[in-house]
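Undergrad: Fold the stuff below for me.
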Amino acid sequence: MQRKFVISDLEKCTGCQVCEYVCSAVKEKGFNPTISRIRTLRTEPSFNMASACRLCDDAPCVVACPTKALSKDEETGVIKVNEDKCKGCSWCIEKCEYGAIALHPVKGTVVICDLCGGDPKCISYCPREALHLATSEDAPHSKMKIANKRMVM
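TA: Model (predicted):
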């Protein structure tokens, strides 16, 4: 069974950050994009994209964690963070090819999209309907590489 994750339609995303505000409100009870589990990458006007955990099969972030604070739910594929074990070393952030992991600025632990228990709120509140659930077949790795190259150029 292919697992689904949140992905951004590059043609529709404007980089408005509504997804970040919704995520931070749901997860942290405050409107602060720095504590969101989804990230908006913006290089206006040419490129805007929201990025969330892709539920990688090999989960390099989990492998990289020296304190074993990250684990992968075998049923859902969601990466879970044990805040008691996380030391904020950022090794998992470096290993994530999608820029989908961030360090919580107050707690000092990492935050990763958990799909809101199967009903991602960022999707339902996106004003441009740019976010949807997709499988890795729907959004191959090569598309992200192309997007990253567009950002650098």
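
Undergrad: any idea how far the residue nearest the centre of the chain lies from residue 27?
TA: Computing the C-alpha centroid of the chain and ranking residues by C-alpha atoms, centre = their mean puts residue 52 first, at 1.9 Å. Per C-beta to C-beta, to the nearest Å, residue 52 is found 12 Å from residue 27. The C-beta positions use only the backbone N, C-alpha and C, and glycine is treated the same way.

Undergrad: which residues do these two both contact?
TA: Common contact partners of residue 52 and residue 27 (C-beta atoms under 8 Å, 6 or more residues apart in numbering): residue 37.

Undergrad: just to revisit the earlier point, tell me how far the residue nearest to the centre of the chain lies from residue 20.
TA: Per C-beta to C-beta, residue 52 is found 10 Å from residue 20.

Undergrad: what are the phi and psi values for the closest residue to residue 19 other than its chain neighbours?
TA: Once flanking residues are discounted, residue 19 sits nearest to residue 122: 3.8 Å by C-beta to C-beta, 6 or more residues apart in numbering. Phi and psi for residue 122, reported as degrees, to the nearest 10, are phi -60, psi -40.

Undergrad: thinking residue 122 is in contact with residue 23, fair?
TA: Yes: applying C-beta atoms under 8 Å, one finds residue 122 in contact with residue 23, separated by 5.4 Å.

Undergrad: and these two? which has more neighbours close in?
TA: Neighbour count, other C-beta atoms under 10 Å: between residue 122 and residue 23, residue 23 has more, with 28 against 25.
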